[in-house]
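Enquirer: here is my input; please provide its structure:
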Amino acid sequence: MLVLVLAVAGVGIFLGNWAWQAYAERRAAEARMAELAVGEQERASPRGRQREAVLALLHDPGSANFRNVRQGRTARQWCGEVNARNRMGGYTGFTLYYVTLSDVSPALDQVDIQPAVDDEPALRLFGMRFDVWCFPPPATQ
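Expert: Next comes the predicted model:
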């Protein structure tokens, strides 16, 4: 009789633990799905799209740090600075960039990152474009 009681109690404990574990796993899966949905919404927003466009050009996108991200003159233009690891594993320092988002598809978004210092014509052209697209026009009086 005692063996039967112990066996029934053991089965009850086992089933109770199993049910609790299944409940905890289901709740964790629901939380992960909610996080993924929020991540998808963020990536679909203009701010998320400009970030994804810049990350696509980097050697190590997981190491990227962004700062001073702001909207340019229009809702489709975004500007900022990014710092990421290069092929040698060192951080490059914060580099200016600007992104023009396409109305058609994220695959057509245009990204320009500040060129190397030794390429003076490209650096001058980048600077002119960055100034035009990323800074508001002077106030008229």
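
Enquirer: next secondary structure after the helix or strand bottoming out on mean pLDDT in the chain?
Expert: One helix or strand of the chain scores below all others by mean pLDDT, DSSP states H and E: helix 2-44, with a mean of 60. Once helix 2-44 ends, the next helix or strand along the chain (criterion: DSSP states H and E) is helix 46-55.

Enquirer: what's that following helix packed up against?
Expert: helix 2-44, strand 65-71, strand 77-83, strand 95-100, strand 110-113 (3 or more C-beta pairs under 8 Å, 6 or more residues apart in numbering; DSSP states H and E). (C-beta placed from N, C-alpha, C; glycine too.)

Enquirer: strand partners of the fourth one, parallel vs antiparallel please.
Expert: Yep, that's strand 95-100 we're talking about. For strand 95-100, the paired strands and their directions (DSSP bridges) read strand 77-83 (antiparallel), strand 110-113 (antiparallel).

Enquirer: Cys134 is nearest to which of those?
Expert: Checking the strands paired with strand 95-100 against Cys134 by C-beta to C-beta gives strand 77-83 as the closest, at 3.6 Å.

Enquirer: between that closest one and helix 46-55, how many degrees?
Expert: 50 degrees (axes from the mean of the first three to the mean of the last three C-alpha atoms, to 10 degrees).
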